[in-house]
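**Student:** Task: produce atomic coordinates for the following.
(one chain, ligands or ions: 1)
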Amino acid sequence: MDKIVFATSNINKLREAQSILKDLPYQVIGLDEFPNIPEIKETGKTLLDNSLIKARTVYNLIGLPSIGDDTGLEVEYLNGAPGVKSARYAGGNAAYKDNLNKLLKDLDGVPLGKRKAQFRTVISFVNALTEQWVEGIVEGIIIDKPRGSGGFGYDPIFYLPELKKTFAEIPMDEKNKISHRGLALEKFRILLGKFYLTK
Ligand code: IMP
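**Tutor:** Okay, here's the model as predicted:
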C-alpha cells in the first residue's frame, strides 16, 4: 500500500488521521518512523505557511507524499490573536494553562457578546505533482472561567453555544467529530479520494 507521511510526532494526531483516512488505499505513517528528521520550526506567518513548511520539509527529506497541519485559536475581539501563535501565546515555553490565562486576561471585562472565536486547522499535502490544502473551522465563544476537565489547550474556555458546553466538557470521540481538526481531516479525506498520488 502506498504510504503518506503525516509530519507529526504527536501520536494522538496520527491516530485520529489514520482513523479518518482508514478507507483510502494509503497507509498513513508518522515521524516516529523517521527518527533522524530534525525538529521542524514553525517559522511561518500564517497557519497555511506552517502547514506547508511541515509538508514540504518532510516531502523533501523523505520523498513520500506528505501532510502537514497547523491549528490556531482566532479571537475576533483580538483581531485573530492568538492565531498562529496559539502554542506560545504567553511566551516561548508557555504551558497550556499559561496561554489560557493570558487569553482570559486579554479579554478581561469584554462582554460575552464580543468574545466570538474560532479554532481553525489547515492541512496541507505535498507530493511530486501538487500542493493542496484544506481547512476546518469550528466557531464558539471564549467564556470568562474554565469549565470541564477533558481536552487540552484552550478547550476549557472554548464554549459551543449549540451544545451549551465547552470542548473540555464533551468526550474526546464526540469532540473529534465536530472539531476543527476533525472537519479538516474529513475534507482532506475527500480531497485525497479525488486524485491519484504519484510518488
Ligand atoms: P497545533 O498546531 O495542533 O500544535 O496547535 C497549536 C496550538 O493550538 C496548541 O498548542 C493549542 O494551544 C491550540 N490547540 C490546537 N488544537 C486545539 C484543541 O483542539 N483544543 C484546544 N487547543 C487547541
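**Student:** and the residue in the chain that the ligand sits nearest to, how many neighbours does it have?
**Tutor:** Of all residues in the chain, residue 153 sits closest to the ligand, with a separation of 2.4 Å (C-beta to the nearest ligand atom). For every residue, glycine as well, the C-beta is placed using N, CA and C. By other C-beta atoms under 10 Å, the residues close to residue 153 number 18.
**Student:** The closest residue to it other than its chain neighbours and residue 193, how far apart?
**Tutor:** Using C-beta to C-beta, 6 or more residues apart in numbering and skipping residues adjacent in sequence, the residue nearest residue 153 is residue 96, 5.1 Å away. Distance of residue 96 to residue 193, given as C-beta to C-beta, to the nearest Å: 34 Å.
**Student:** So which of those two has more stuff around it?
**Tutor:** residue 96 (15 against 11).
**Student:** next SSE after the one helix or strand residue 98 maps to?
**Tutor:** Secondary-structure assignment from DSSP states H and E places residue 98 in helix 96-106. Moving toward the C-terminus from helix 96-106, the next helix or strand (DSSP H and E) is strand 116-126.
**Student:** so what's the closest residue to residue 46 other than its chain neighbours scoring on pLDDT?
**Tutor:** Spatial nearest neighbour of residue 46, excluding adjacent residues (C-beta to C-beta, 6+ apart): residue 84 at 5.9 Å. Residue 84 is assigned a predicted lDDT (pLDDT) of 98.
**Student:** Tell me who's in contact with residue 84.
**Tutor:** Shown in contact with residue 84 (C-beta atoms under 8 Å, 6 or more residues apart in numbering): 42, 44, 45, 46, 47, 49, 50, 70, 72.
**Student:** out of the residues you listed, who's near the ligand?
**Tutor:** Filtering the contacts of residue 84 for proximity to the ligand by C-beta under 6 Å from any ligand atom leaves 70, 72.
**Student:** could the contacts of residue 84 go into JSON lines alongside neighbour count, distance to residue 56 and pLDDT?
**Tutor:** Listed next are these as JSON lines, based on neighbours: other C-beta atoms under 10 Å; distance: C-beta to C-beta, whole Å; pLDDT from 0 to 100:
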{"residue": "42", "neighbour count": "17", "distance to residue 56": "13", "pLDDT": "93"}
{"residue": "44", "neighbour count": "15", "distance to residue 56": "11", "pLDDT": "97"}
{"residue": "45", "neighbour count": "9", "distance to residue 56": "16", "pLDDT": "98"}
{"residue": "46", "neighbour count": "13", "distance to residue 56": "15", "pLDDT": "98"}
{"residue": "47", "neighbour count": "24", "distance to residue 56": "15", "pLDDT": "98"}
{"residue": "49", "neighbour count": "16", "distance to residue 56": "10", "pLDDT": "98"}
{"residue": "50", "neighbour count": "23", "distance to residue 56": "11", "pLDDT": "98"}
{"residue": "70", "neighbour count": "23", "distance to residue 56": "13", "pLDDT": "98"}
{"residue": "72", "neighbour count": "23", "distance to residue 56": "19", "pLDDT": "98"}
